[in-house]
Each structure stands twice: as C-alpha cells, then as structure tokens.
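[1] next input, structure requested:
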Amino acid sequence: MLTLRSLTYLVAAADHESVTDAATALNISQPAISAAIAQLERHYAQQIFVRRKGRGVGLTPFGRTLIVQVRRLLNQAAELELFGQDRDVAVGEVSLGCFAELAPHYLPALNKAFEVRFPHISVKFKEAGFDELPRLLGEGSIDLMLDYDIGLPEEVEQVTLTSLAPYVLLPGDHRWAGRKKLSLESLAGEPLVLASDRQSRRYLLDLFHRRGLNPEVARTADSFETLRGLVANGYGVSVVHSRPASQVSYDGSPLVSVPITNVEPTHRILLAWSRRFPLSPAAEAYKDFTLGWFHERA
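    Numbers count the residues shown, from 1 in each chain. You can find the predicted model right below:
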C-alpha cells in the first residue's frame with residue numbers, strides 16, 4: 001500500500017542520491033527508507049533506483065518519471081492539510097537548481113527572505129554546473145533553475161532577473177591593477193584562468209574570438225573560489241561576471257577587479273522552468289517572489 005510517508009522517503013533518497021544521507025536528513029533509520037523503497041518497487045514491479053557501489057543511488061528512467069508525479073502529490077497533500085484555514089496560504093515544497101557560481105551570491109539571502117514570507121513552503125536547492133542543470137530541469141528533478149543565459153534548451157521558459165557586465169580579475173600586484181578600464185585586446189597576450197565548465201569556458205572564449213583574438217588558457221578551475229585563488233597567486237588573469245564583496249582570495253592574497261570596455265552582450269541571470277511540467281502553486285510563489293526580490297535590488 002502506498003503511503004505519504006513512504007513517498008516522502010522516496011523523494012528524500014532521490015534528492016540526496018543516497019539512502020544514508022536521506023535517513024540522516026529525516027532523522028530516521030536507514031533500514032526504514034530502504035524498506036519503503038523496496039515496497040514501492042514491489043508495488044510498481046519496476047526498479048526505481050540504480051544502486052551505485054560507493055556512490056549512492058541514481059534514478060532509473062521509470063524512477064525519474066515517478067518522482068515528478070510523487071512531488072506533485074506531496075505538494076497537493078500539503079495544500080490539503082491547510083485547506084479551509086487560509087486560502088491565501090501557499091504550502092508545499094520547491095526544488096531549485098542553481099549554478100554553483102551564483103549560489104553563494106544569492107541563495108542564502110533570497111531563500112531566507114522567501115521563508116519569512118512563505119513559512120509553509122520548504123525550499124530544497126541543488127548546486128550544479130551548466131551541463132547538469134538543464135538535464136535536471138528536463139527530467140523533472142527540479143522545479144526551477146537559477147542560471148546564466150548560456151545555451152538553454154528551447155523547451156525551457158525563462159525570465160530575466162538581472163544582468164551582469166564582465167570584468168577582468170587581476171592579482172593585486174599586476175601592472176594593470178590601477179587601471180580604470182581594460183579592453184579584451186589588451187588581455188589577448190595574458191595567460192587566462194577560466195572555469196572548467198565547458199559552457200562557461202566557451203562563452204568567455206567567444207568574447208575574444210568574435211574580435212579575432214586567441215588567448216592562451218593557462219589554467220582551469222572547478223570552483224569559482226579556486227579560480228580566484230589561482231589569479232591572486234599569479235597564474236594568470238580571468239574574465240568573470242560574479243563579483244564577491246571580498247577582494248581577497250581564501251588564502252588572503254589580494255585581487256583587483258577592472259571593468260571591460262565595449263563588451264556586449266552583458267550576461268543575463270535567469271529563472272527558468274520546463275514547459276513539460278506545470279509549476280505547482282509553491283513553485284509559482286517562489287518564481288513571483290524571486291522576480292520581486294531581484295527587482296528591489298536592481
């Protein structure tokens with residue numbers, strides 16, 4: 001027999017990609033989640049998860065389809081729980097995917113403000129790269145995606161939250177550290193430090209290629225803070241969009257940010273969702289709130 005509890009356990013295992021981590025998050029025993037999953041797989045006579053030795057669990061194609069329906073049912077159950085109490089109260093859960101570089105800049109403050117306004121909606125978020133986020137959105141693993149406007153699929157609906165102009169990131173002792181502006185042409189002979197993400201790297205190199213420039217990529221980094229650390233320690237310069245408040249790397253080495261002249265277009269930050277899956281009332285509330293939150297900070 002299906003129960004809301006067993007379905008909740010199923011979603012937790014899918015979100016954490018681990019039965020152990022899901023049990024920890026729900027403060028229950030691991031066997032309880034394993035038993036619920038086994039019961040559901042017997043009920044459907046289908047495998048929901050693939051067990052990956054040492055790497056947790058992953059959803060099968062059937063599991064990905066099922067999880068979309070289960071999330072919708074759990075949100076409807078949350079709405080039903082408060083039915084008749086306050087018709088203006090939004091309830092449920094929102095699953096958000098966010099590009100890892102953007103997450104520390106926006107998610108903590110945005111989600112805190114949202115939770116104050118909508119205390120009956122829980123927000124779960126996953127940080128990921130450009131390649132992974134559209135896949136998660138397309139399979140229904142996330143409701144919404146906060147990302148840069150880089151190569152999104154046609155089936156994705158999107159709204160622009162804000163735009164960021166690129167700038168040059170230099171080590172504090174670089175000979176150009178005192179400049180007010182720099183051109184891409186002036187950077188062509190400098191070693192570049194770029195993100196290892198394929199889409200991000202291609203976008204930034206295209207800025208140079210459109211001007212007939214072919215810079216040398218000296219280093220790549222998997223994280224934004226590692227990229228900043230490489231620049232601060234003299235491995236090269238970088239072209240980036242996100243601008244942390246701190247002008248030092250994690251090891252305390254100084255950094256300098258210099259605007260780039262005549263670079264179009266600016267980089268848009270988007271909130272996106274799939275046309276294949278209608279947004280739940282909770283996800284609609286998050287979308288509308290996020291638009292207003294960014295507008296207030298424009």
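
[2] quick one: the strands in the stretch 151-298 of the chain?
    Assignment of strands within the stretch 151-298 of the chain using DSSP state E, counting those that start in this stretch yields the ranges 156-164, 167-171, 192-195, 217-221, 238-240, 255-259, 267-274.

[3] what are the buried residues along the longest helix seen in the chain?
    Across the chain, the longest stretch assigned as helix under DSSP state H is helix 61-81. Buried positions in helix 61-81, judged by neighbour count with 16 or more other C-beta atoms under 10 Å: 63-64, 66-68, 70-71, 74-75, 78-79. Yep, even glycine has a C-beta here, placed from its N, CA and C like the rest.

[4] helix or strand right after that helix?
    strand 92-99 (DSSP states H and E).

[5] quick one on the thing from earlier: from the buried residues of helix 61-81, which is closest to L2?
    V70 (9.5 Å; C-beta to C-beta).

[6] so the closest one makes contact with A12?
    No: if you go by C-beta atoms under 8 Å, V70 and A12 don't touch, sitting 10.9 Å apart.

[7] burial of L194, as a residue count?
    Using other C-beta atoms under 10 Å, the number of residues around L194 comes to 23.

[8] sorry, wrong one. I was asking about P278.
    Neighbour count of P278, defined by other C-beta under 10 Å: 10.

[9] nearest residue to the residue sitting nearest the centre point of the chain in space, please, no chain neighbours.
    Centroid-nearest residue in the chain: C98, 1.2 Å away (criterion: C-alpha atoms, centre = their mean). The shortest distance from C98 to any residue other than its chain neighbours is 4.4 Å, reached at L146 (C-beta to C-beta, 6 or more residues apart in numbering).

[10] can you list the low-confidence ranges for the stretch 101-250 of the chain?
    For the stretch 101-250 of the chain, not a single residue meets the criterion pLDDT under 70.

[11] this protein: helices as residue ranges?
    Secondary structure of the chain (DSSP H): helices located at 4-16, 19-26, 30-44, 61-81, 103-117, 132-138, 184-187, 198-209, 224-232, 281-296.

[12] out of the strands of the stretch 151-298 of the chain, nearest to S246?
    Judged by C-beta to C-beta, the one of those that comes nearest to S246 is strand 255-259, at 8.4 Å.

[13] A23 and M1, how far apart?
    According to C-beta to C-beta, to the nearest Å, A23 and M1 sit 22 Å apart.

[14] and the two? Which one has more around it.
    Shown here are A23 and M1; by other C-beta under 10 Å, A23 has more neighbours (20 against 5).

[15] P215: which of the buried residues of helix 61-81 is nearest?
    R64 (40.0 Å).

[16] that closest one: what's it in contact with?
    Shown in contact with R64 (C-beta atoms under 8 Å, 6 or more residues apart in numbering): 139-141.

[17] how far away is it from W176?
    49 Å.

[18] check L270 too.
    Using C-beta to C-beta, L270 is found at 32 Å from W176.

[19] have a look at the two and say which one is more surrounded.
    Neighbours per residue (other C-beta under 10 Å) separate L270 from W176, with L270 holding more: 19 against 15.

[20] looks like that one contacts T160 (just checking).
    Yes: using C-beta under 8 Å, L270 is in contact with T160, at 6.0 Å.

[21] what sits in contact with each of the two?
    Here L270 and T160 have D149 as joint contacts, going by C-beta under 8 Å, 6+ apart.

[22] what number of residues lie near P281?
    Around P281 there are 15 residues (other C-beta under 10 Å).
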